[in-house]
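# I would like the atomic coordinates for the input below:
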Amino acid sequence: MHDQPLLVWTLSRFAAILPERYDLENTLTELTESVSAVLGVFGSAVSMANDGWLRYATRAIQASGELERNHKQLQPCPCRDAFDTGEAVRVTDLREESARWPEFSASAARLSLASVAVVRMRLASQIIGTLNLYSTEPRKWSDRDIAVAGCWRTWRPATWSMPPSWASRNS
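Modelled structure (predicted):
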């Protein structure tokens, strides 16, 4: 279940700040903190595509250092699947998917993460990365959860663009 008043406030805030001058890292940090609060999840992260790899750009998740470090090597993961297929990935219980993503599932278990949902992010027609949602309890991700996450997954060129230095800053 999501916090509808907080969703409306947050989307209104993003509509106001994105056309203005902004800092990409601060904007992504605010995005992850906002989506985590609205959906009541343990944390979230944005993974950006760079030279065929997905790398964390920012996150609002406690104890994520191991998952972030391993993310570069753990390309068989829910994030990669969502990025490649364009379909939202919903994993109610990562223990049940350990055969599909063994290293990712093991890292998530060490961090007490039980569930994940991932949606692909776009900048107009360009696929730029994923928005990853994490829960410490098994969670059946509803269509509404995915729709709410989807509010942040498509950006318009007039309001948001990646600076040319993005790749060099995040390699």
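# what ranges do the strands span in this structure?
43-50, 53-60, 89-91, 115-123, 126-135, 154-155 (DSSP state E).
# What residues are bridge-paired with the residue nearest the centre of the chain?
Centroid check for the chain by CA atoms, centre = their mean gives L131 as the closest residue, at 2.0 Å. Beta bridges link L131 to V46, V119, judged by DSSP bridges.
# re earlier: show me the one of the strands of the chain that comes nearest T29.
Closest of the strands of the chain to T29 is strand 53-60, at 4.9 Å (criterion: CB to CB). In this view, the C-beta of every residue, glycine as well, is placed from N, C-alpha and C.
# so what's S98 closest to, chain neighbours aside?
Once flanking residues are discounted, S98 sits nearest to S105: 4.1 Å by CB to CB, 6 or more residues apart in numbering.
# Correct me if wrong: the one you found contacts L111.
No: contact criterion CB atoms under 8 Å: S105 and L111 do not qualify, at 10.9 Å.
# Looking at those two now, which is surrounded by more residues?
S105 (23 against 20; other CB atoms under 10 Å).
# tell me the contacts of that one?
Contact partners of S105, counting by CB atoms under 8 Å, 6 or more residues apart in numbering, are 94-95, 97-98.
# Include neighbour count and distance to C151 when you put the residues you listed into JSON lines, please.
Output for the contacts of S105, formatted as JSON lines (neighbours: other CB atoms under 10 Å; distance: CB to CB, whole Å):
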{"residue": "L94", "neighbour count": "23", "distance to C151": "25"}
{"residue": "R95", "neighbour count": "13", "distance to C151": "30"}
{"residue": "E97", "neighbour count": "18", "distance to C151": "26"}
{"residue": "S98", "neighbour count": "15", "distance to C151": "31"}
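# Include pLDDT when you put these into TSV, please.
Rendered in TSV, the data for those read as follows (pLDDT from 0 to 100):
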residue	pLDDT
L94	93
R95	93
E97	90
S98	91
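# just so I know, which of the strands of the chain lies nearest L24?
Among those, if distance is taken as CB to CB, the winner is strand 53-60, at 8.1 Å.
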